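**Q** what's the 3D shape of this:
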Amino acid sequence: MRLTAEEKEEVIRLVINSPEGVNKSLRSMGIHKRTFYKTTS
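**A** Residues are numbered from 1 along each chain as shown. Have a look, this model is predicted:
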């Protein structure tokens, strides 16, 4: 799955502000946590 820069920013914002925690938030969006951490590093 390819995301635009705007979509990546939105995912990061949603995950950081989620009360569920990073792993559960990513799982509910169908994004592997390795992909998320590669994006944020």
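**Q** so where's the longest helix in the protein?
**A** helix 5-17 (DSSP state H).
**Q** ok, the spatially most central residue of the chain - contacts?
**A** By CA atoms, centre = their mean, the chain has its centre lying nearest to residue 11, at 4.3 Å. Residues counted as contacts of residue 11 (CB atoms under 8 Å, 6 or more residues apart in numbering) are 3, 29, 31, 36, 39. For glycine as for every other residue, the C-beta is placed from the backbone atoms N, C-alpha and C.
**Q** tell me the two of the residues you listed that are most distant?
**A** 29 and 39 (12.5 Å; CB to CB).
**Q** what's the distance between residue 25 and residue 31?
**A** 9 Å (CB to CB, to the nearest Å).
**Q** of the contacts of residue 11, closest to residue 16?
**A** For the contacts of residue 11, the nearest to residue 16 is residue 36 (10.4 Å; CB to CB).
**Q** once you drop chain neighbours, what's closest to that closest one?
**A** residue 26 (5.4 Å; CB to CB, 6 or more residues apart in numbering).
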